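J.: Mind looking at a prediction? Sequence and model below.
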Amino acid sequence: MGRHHLHPHDHGHGHQRGPLQHLPAGGKLAGALFLILTVVLLPRTAVTGLLIVGAVVAGLLAISQIPVWHLVKRLLLLEPLVLGVAGLMWFQPGGGKTFAVVMLKANLCLLTTLLLSNTTPFRELLRVLQRLRVPWIFVTTLTLMHRYLFVLADEAERMRRARASRSFTPRRRFQWPVLASVVGQLFVRASERAERIYDAMCARGWK
């Protein structure tokens with residue numbers, strides 16, 4: 001697969017050796033689901049309850065010994081989605097308070113998910129789902145998605161090197177059109193690869 005340690009989807013378990021990394025994957029998955037459901041089900045007025053959950057998540061993050069900057073970078077990648085959803089709360093009565101509570105809830109859920117993904121290899125989570133009798137098509141889809149995220153990252157890296165080798169120097173006014181073109185080409189290549197993978201799976205008896 002190449003240099004997986006460069007990929008944003010590789011959670012870098014090699015440099016994380018906190019106590020949480022050695023716990024069973026099933027227990028960590030159950031704990032993460034419990035925290036997320038607690039955050040979701042708590043009413044917006046239960047700020048104290050949310051702060052307690054936040055303290056628990058913060059304590060688990062400290063115990064996990066995951067580098068703070070590692071988490072911050074991944075949280076910032078997802079933050080635009082949170083802002084997009086929470087921003088709609090401004091148009092409701094008491095919009096400022098509602099916006100703050102929704103932001104707190106969403107970020108607690110994201111931090112819990114990041115904590116789980118950075119302390120548990122994905123393959124172990126898939127084994128837990130198999131033991132729980134989760135429909136095989138769902139588990140298989142997750143497996144393929146995780147596997148080919150690395151392929152897509154490799155493709156994007158090759159395109160970046162190809163541009164760099166042609167002395168590509170983006171200027172501010174041309175940066176967005178060029179970026180849009182690259183994303184479009186990456187989408188086309190990913191679609192073509194998906195078609196080839198599907199044909200190969202069907203040729204091997206995939207139903």
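T.: Received the coordinates, thanks. Owing to the predicted nature of the structure, the values given are computational and were not obtained by experimental measurement.

J.: so how far is the helix or strand hosting Leu51 from its chain's centroid?
T.: Here Leu51 sits within helix 47-64, counting by DSSP states H and E. For helix 47-64, the separation from the chain centroid amounts to 20 Å (computed by Cα atoms, centre = their mean, to the nearest Å).

J.: Residues touching that helix, excluding its own?
T.: Helix 47-64 is touched from outside by 16, 18-21, 35, 38-39, 42, 71, 101, 104-105, 108, 111-112, 115, 118-119, with contacts defined as Cβ atoms under 8 Å, 6 or more residues apart in numbering. Every residue, glycine included, has its C-beta placed from N, CA and C.

J.: cool, stretch 182-199 as well?
T.: Defining contact as Cβ under 8 Å, 6+ apart, one finds that stretch 182-199 is touched by Leu144, Tyr148, Val151, Leu152, Glu155, Ala156, Met159, Arg163.

J.: Stretch 90-105 too?
T.: 39-40, 42, 44, 47, 50, 54, 82-83, 85-87, 89.

J.: switch to 10 Å and redo it
T.: Taking contacts as Cβ atoms under 10 Å, 6 or more residues apart in numbering, the residues outside stretch 90-105 that touch it are 36, 39-40, 42-47, 50-51, 53-54, 79, 82-83, 85-89.

J.: thinking again about what came up before, show me the contacts of stretch 182-199 that map onto helices.
T.: Using DSSP state H, the subset of the contacts of stretch 182-199 located in helices is Leu144, Tyr148, Val151, Leu152, Glu155, Ala156, Met159, Arg163.

J.: where does the last one land on pLDDT?
T.: Reported pLDDT at Arg163 in the predicted model: 70.

J.: Can you tell me the closest non-neighbouring residue to it?
T.: Val182 (7.7 Å; Cβ to Cβ, 6 or more residues apart in numbering).

J.: need the contact list for His22.
T.: Going by Cβ under 10 Å, 6+ apart, His22 touches Thr119.

J.: do the same with the one 3 residues further on
T.: Shown in contact with Ala25 (Cβ under 10 Å, 6+ apart): 116, 119-129, 131.
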